[in-house]
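*Asks:* I would like to see how this sequence folds:
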Amino acid sequence: MAQKVLVIDDDPDVRYFSVSSLEEAGYSALEASDGAEGRELARAEMPDLILLDVMMPRESGIRLYRELKTDDALRHIPIVILSGIAEKSFLRSQQALEKEGQAAVPAPAAYLEKPVPAETLIAVIQRIIG
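*Replies:* Residues are numbered from 1 along each chain as shown. Okay, here's the model as predicted:
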């Protein structure tokens, strides 16, 4: 059975690109158009990896990342951030939330800044989950 990758991104073009690239590489792809839908799908489907955007409506990827990494049932799932936001900005936002008293969370399994070639995306995923 193919490994499942959940793509959470509000941009339909990015979702199409990611899902197409994943399926071509032999993965089973699930997709969500915002953080709230992504959280529900993650809990229902227990994917092998989550590909997460940072800037989204209804729930930002910054907060969703923290929720996933502090949820006992989901924290083991590797998360690859795929975003137009620089990695440094994402890490600063996590540090700011920790200063507000929220729990520390590990860094993502990988951080890719858009746009990313399909070969790079798949190589990173293969390195993480095979």
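*Asks:* and the one residue sitting closest to the centre of the chain, how far from E87?
*Replies:* Nearest to the geometric centre of the chain sits L52, at 2.3 Å (C-alpha atoms, centre = their mean). Distance of L52 to E87, given as C-beta to C-beta, to the nearest Å: 13 Å. To be clear about C-beta, it is placed using only N, CA and C from the backbone, and glycine gets the same treatment.
*Asks:* just M55 next, same as before
*Replies:* Distance, M55 to E87, using C-beta to C-beta: 14 Å.
*Asks:* got it, and E98?
*Replies:* Distance from E98 to E87, counting by C-beta to C-beta: 17 Å.
*Asks:* got it, and R43?
*Replies:* 27 Å.
*Asks:* please say which of these two ends up with more neighbours.
*Replies:* Under the neighbour definition other C-beta atoms under 10 Å, R43 and E87 were set side by side, and E87 has more, 16 against 12.
*Asks:* what segments of this structure are strands?
*Replies:* With DSSP state E as the criterion, the chain has strands at 4-8, 28-32, 49-52, 79-83, 110-113.
*Asks:* if you count contacts, what does the second one end up packed against?
*Replies:* So that's strand 28-32. For strand 28-32, the elements it packs on are strand 4-8, helix 12-24, helix 35-45, judged by 3 or more C-beta pairs under 8 Å, 6 or more residues apart in numbering; DSSP states H and E.
*Asks:* repeat for the third one
*Replies:* With contacts defined as 3+ C-beta pairs under 8 Å, 6+ apart, strand 49-52 has these neighbours: strand 4-8, helix 35-45, helix 61-70, strand 79-83, helix 118-129.
*Asks:* most packed of these?
*Replies:* strand 4-8 (a mean of 25; mean count of other C-beta atoms under 10 Å).
*Asks:* report the mean confidence score over that strand.
*Replies:* Averaged over strand 4-8, pLDDT sits at 98.
*Asks:* that one to helix 118-129, inter-axis angle?
*Replies:* Interaxial angle, strand 4-8 versus helix 118-129 (axes from the mean of the first three to the mean of the last three C-alpha atoms, to 10 degrees): 120 degrees.
*Asks:* what lines up beside strand 4-8 in the sheet?
*Replies:* The strands that strand 4-8 pairs with in its sheet are strand 28-32 (parallel), strand 49-52 (parallel) (by DSSP bridges).
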